[in-house]
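[1] after the sequence you'll find the predicted model.
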Amino acid sequence: LKSLLLDNNKIESVHDRAFNGLARLEVLSLEANKMKRIPKNLLINLANLKELSIFENDIHFDKTSEDANELFQNQTRLETLNLIWNDFELINSRVFMNLTSLIELYLYGNKIADILDNSFECLVKLEVLDLGYNKQKRINDKAFKGLNALKYLSISKNSIDYIHLDAFKELNNLQRLSGH
């Protein structure tokens, strides 16, 4: 099995070993369900995963969510991660630190108010980052540190009132910045 699409169901929870035995899985989609959390070991045996979509659930990540820091620990081949329309409040460097092959990251429509320094630093191949429709008020000088390959950045529909002078300094390959 290479693709597993479990979209538009009423899934509220998934057992942390539900996908054991699916080592060849490359695409996993759990879009438009009712999940509130993702068990930290859910993806541990899915080392070949290239695309993960957990779009439109009620997954909550904040500074107390330890599962978030371990969720993607074995996902070194993941290229696309869709976390649109969930309930993320905070992004820190530990959440994405092993996603070294990630090319596209969609965080649109969450409640992200803070992007901590160096949160995306390990995403050296990232080309698309969508942070639109969040609650971002400030963009500091290290928010996008390490994103040298980034071509598209959306910070649209936030409540940004401050952008540090060096916020976009390292974005040498940026072709489009959307901030309307």
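    Yep, that arrived.

[2] for the rest of this, base every contact and every neighbour count on C-alpha atoms.
    Fine.

[3] quick one: least confident helix or strand in this structure?
    Ranked by mean pLDDT, DSSP states H and E, the helix or strand of the chain with the weakest confidence is helix 66-70, at a mean of 71.

[4] what is the subsequent helix or strand relative to it?
    Per DSSP states H and E, the first helix or strand lying C-terminal to helix 66-70 is strand 80-82.

[5] direction included, what does that following strand pair up with?
    Using DSSP bridges, the strands paired with strand 80-82 are strand 51-53 (parallel), strand 104-106 (parallel).

[6] with mean pLDDT and distance to residue 81 as added columns, please give those strands in a markdown table.
    Shown next, in a markdown table, are the strands paired with strand 80-82 (pLDDT from 0 to 100; distance: least, C-alpha to C-alpha, whole Å):
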| stretch | mean pLDDT | distance to residue 81 |
| --- | --- | --- |
| strand 51-53 | 98 | 5 |
| strand 104-106 | 98 | 5 |
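
[7] show me the strands in this protein, by range?
    3-5, 27-29, 51-53, 60-61, 80-82, 87-88, 90-91, 104-106, 114-115, 128-130, 138-139, 152-154, 162-163, 176-178 (DSSP state E).

[8] in stretch 13-27, what counts as buried?
    Across stretch 13-27, burial judged by 16 or more other C-alpha atoms under 10 Å covers 19, 22, 23, 25, 26, 27.

[9] relative to residue 165, which of those is nearest.
    Ranked by distance to residue 165 (C-alpha to C-alpha), the buried residues of stretch 13-27 are led by residue 27 at 39.1 Å.

[10] please name the bridge partners of that closest one.
    According to DSSP bridges, beta-bridge pairing links residue 27 with residue 3, residue 51.

[11] dump the residue contacts of it.
    Taking C-alpha atoms under 8 Å, 6 or more residues apart in numbering, we find residue 27 in contact with 2, 3, 4, 5, 49, 50, 51, 52.

[12] just give the closest residue to residue 176, not the sequence neighbours.
    residue 152 (4.9 Å; C-alpha to C-alpha, 6 or more residues apart in numbering).

[13] just the pLDDT at the closest residue to residue 126 other than its chain neighbours, thanks.
    Once flanking residues are discounted, residue 126 sits nearest to residue 103: 4.0 Å by C-alpha to C-alpha, 6+ apart. For residue 103, the pLDDT comes out at 98.

[14] and residue 103, how many neighbours?
    19 (other C-alpha atoms under 10 Å).

[15] so how far is residue 56 from residue 45?
    According to C-alpha to C-alpha, to the nearest Å, residue 45 stands 24 Å off from residue 56.

[16] between these two, which one's more packed in?
    Neighbour totals were compared for residue 45 and residue 56, and residue 56 leads with 22 against 18 (other C-alpha under 10 Å).

[17] mind listing what that one touches?
    With C-alpha under 8 Å, 6+ apart, residue 56 has these contacts: 31, 32, 33, 83, 84, 85, 86.
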